[in-house]
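A.B. asks: Pasting a predicted model and its sequence here:
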Amino acid sequence: MPGVFYQPINRRRFLFTTARALAGVALIREAGLVGDDASADGKPVHFALLSDTHVPAETKNEYRGFFPWQNLKSIVPQVVETRPEGVIIDGDAARLTGEVVDYEAFKQLLAPLGEQTPVYIGLGNHDDREHFFKVFDDPSGTRQKIAGKHVLVIERSALRFIILDSLLYTNKVAGLLGKSQREWLGRYLESSDRRPTVLFVHHTLGDGDGELLDVQRLFELVRPQRKVKAIFYGHSHKYAFSQDDGIHLINIPAVGYNFSDEEPVGWVDAVFTSQRVDLKLNAFGGNREGDGKTKSLTWRS
């Protein structure tokens, strides 16, 4: 089923976009974003990955010389052009306190994407669940039944994606999965098949007071589950890579603004297979040195 925000297109538009999508896949393969293992191990999954959009209702709202509303507006056509089969936004959709008007502006900006593909939205510390669901009131059937949390599972033939909810308090820095979500995740991973599984969570995975407070419990859960291949996160407005017991930890850059001139402002074009992921940075602001470059990560066995 589609994600939390999706508007089906008519048949004429469908035929047009399908043709464009096939052309896009051809270009991706030509550019080397899909490895030779893709056809042998199942259909590749092409997602656009965004984080920390921080969209305000006020179009001229500015921080560090960046205009988050304008930023999202400018990149939506870029994302549309790549024809992903889904878009994941990894938290902090709203500017600061997750107001209803922020989400209304956010939804309006996403409309061209919503006409084409599912948009799956995770929650971060600048989001507000109650306000979010007043605007995005029709989550797909992939939403999991966890009290007080918004968790999505995205199933594909060769992979599985889980978007976790680390929102603890709106406009406070720290995040928490919490006992009920961790217990659900443990049961889910135990009972699910062996498909490579990729997790998304908003908060950073260190031991600081403003990071994911139960990160060590998360690692204890996923380290023995060899099907878990990677964890993507945002929050720090950085683009970075590390590992824990062979699990890739990928920090998605922010769309709204960076905290340091050394970091890019942009989004990531991702092609997943059962063996690896290829990540292409699309940096439109900040440090653009890595713009257009692809990083390939092979899954642990």
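C.D. replies: Now that the structure is in, tell me what you want to look at. Numbering: from 1, shown residues only.
A.B. asks: next SSE after whichever strand in the chain runs longest?
C.D. replies: If you go by DSSP state E, the chain has its longest strand at strand 276-286. Counting by DSSP states H and E, the next helix or strand C-terminal to strand 276-286 is strand 294-298.
A.B. asks: quick one, that following strand and strand 276-286 angle?
C.D. replies: In terms of direction (axes from the mean of the first three to the mean of the last three Cα atoms, to 10 degrees), strand 294-298 departs from strand 276-286 by 150 degrees.
A.B. asks: what pLDDT, on average, does strand 294-298 get?
C.D. replies: Averaged across strand 294-298, the pLDDT comes to 98.
A.B. asks: coming back round to it: can you spell out which helices and strands pack onto the longest strand of the chain?
C.D. replies: helix 68-82, strand 264-272, strand 294-298 (3 or more Cβ pairs under 8 Å, 6 or more residues apart in numbering; DSSP states H and E). For the C-beta atoms, the positions are set from N, CA and C on the backbone; glycine is no exception.
A.B. asks: how about those in a markdown table, adding mean neighbour count?
C.D. replies: Below are those laid out as a markdown table (neighbours: other Cβ atoms under 10 Å):
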| stretch | mean neighbour count |
| --- | --- |
| helix 68-82 | 19 |
| strand 264-272 | 24 |
| strand 294-298 | 14 |
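A.B. asks: all strands in this protein, in order from the N-terminus.
C.D. replies: 45-50, 86-90, 119-122, 152-155, 160-163, 197-200, 228-233, 240-244, 247-251, 264-272, 276-286, 294-298.
A.B. asks: how about the fifth one: buried residues?
C.D. replies: Pointing back at strand 160-163 there. By 16 or more other Cβ atoms under 10 Å, the buried positions in strand 160-163 come out as 160-163.
A.B. asks: One more: the longest one?
C.D. replies: For strand 276-286, burial by neighbour count (16+ other Cβ under 10 Å) applies to 276-283, 285-286.
A.B. asks: okay, now Asn67: neighbour count?
C.D. replies: Actually, residue 67 is Phe rather than Asn. Other residues lying near Phe67 total 19 when counted by other Cβ atoms under 10 Å.
A.B. asks: hang on, isn't it packed against Asn61?
C.D. replies: Yes: judged on Cβ atoms under 8 Å, Phe67 makes contact with Asn61 at a distance of 6.8 Å.
A.B. asks: From the buried residues of strand 160-163, pick the one nearest Val153.
C.D. replies: Ranked by distance to Val153 (Cβ to Cβ), the buried residues of strand 160-163 are led by Ile162 at 5.5 Å.
A.B. asks: ok, that closest one - contacts?
C.D. replies: Each residue near Ile162 by Cβ atoms under 8 Å, 6 or more residues apart in numbering is listed here: 151-154, 185, 188, 197-200.
A.B. asks: swap in Phe66?
C.D. replies: Counting by Cβ under 8 Å, 6+ apart, Phe66 makes contact with 256-258, 265, 285.
A.B. asks: I'd like the distance between it and Phe284.
C.D. replies: 10 Å (Cβ to Cβ, to the nearest Å).
A.B. asks: Quick check: neighbours shared by these two?
C.D. replies: Common contacts of Phe66 and Phe284 (Cβ under 8 Å, 6+ apart): Val265.
A.B. asks: how near is Ala105 to Ala111?
C.D. replies: Between Ala105 and Ala111 the computed distance is 11 Å (Cβ to Cβ).
A.B. asks: Please apply the same query to Phe272.
C.D. replies: For Phe272, the distance to Ala111 equals 26 Å [Cβ to Cβ].
A.B. asks: swap in Asp245?
C.D. replies: 41 Å.
A.B. asks: And the contacts of stretch 166-174?
C.D. replies: By Cβ under 8 Å, 6+ apart, the list of residues contacting stretch 166-174 reads 91, 96-98, 123-129, 150, 175-177, 201-203, 209-213.
A.B. asks: in the sheet, who's paired with Ala230?
C.D. replies: Assessed by DSSP bridges, Ala230 has beta-bridge partners Val198, His248.
A.B. asks: which intervals of the stretch 51-200 of the chain have sub-threshold pLDDT?
C.D. replies: Scanning the stretch 51-200 of the chain with the threshold set as pLDDT under 70 gives 139-141.
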